[in-house]
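S.K.: For reference, the sequence and a predicted model appear below.
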Amino acid sequence: MPVLLVYLHVKPESVDAFLAATRDNARHSNQEPGIVRFEVLRQEDDPTRFVFVEVYRTEEAHARHRETAHYLAWRDAVGGMLAEPRTHASYTEMFSGE
């Protein structure tokens, strides 16, 4: 399964608005049939830094996610809230520790 870690640094004055937009995006994302898991993590020692853990069933599911209304609304809403461009790293899940 494809796994994407997305790293975001939010402007301090935008954290509350970012969380509101992100909560809505995450809720809808977790309802997509192609998404296994969509988690939002906040860094403990810097509350302006976040990581999204996105686990997809297929590469195509990731492409479909980026075309959804909730993702596009989130992308447009948070663009000006970021202190720097978001970055990501792609992984392939090998096993889950079962």
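M.R.: Alright, I've got the coordinates. Keep in mind the model is a prediction, meaning the values are calculated, not measured. Numbers count the residues shown, from 1 in each chain.
S.K.: If you count contacts, what does the helix or strand hosting residue 77 end up packed against?
M.R.: Using DSSP states H and E, residue 77 sits in helix 69-78. Helix 69-78 is packed against helix 15-29, with contacts defined by 3 or more C-beta pairs under 8 Å, 6 or more residues apart in numbering; DSSP states H and E. (C-beta placed from N, C-alpha, C; glycine too.)
S.K.: what sits up against the very next helix or strand once past the helix it packs on?
M.R.: Using DSSP H and E, the next helix or strand after helix 15-29 towards the C-terminus is strand 35-42. Strand 35-42 is contacted from outside by 1, 22-23, 26, 29-30, 49-57, 61, 65, using C-beta atoms under 8 Å, 6 or more residues apart in numbering.
S.K.: Give the buried residues for strand 35-42.
M.R.: Buried positions in strand 35-42, judged by neighbour count with 16 or more other C-beta atoms under 10 Å: 35-36, 38, 40.
S.K.: Against residue 59, how distant is residue 27?
M.R.: 23 Å (C-beta to C-beta, to the nearest Å).
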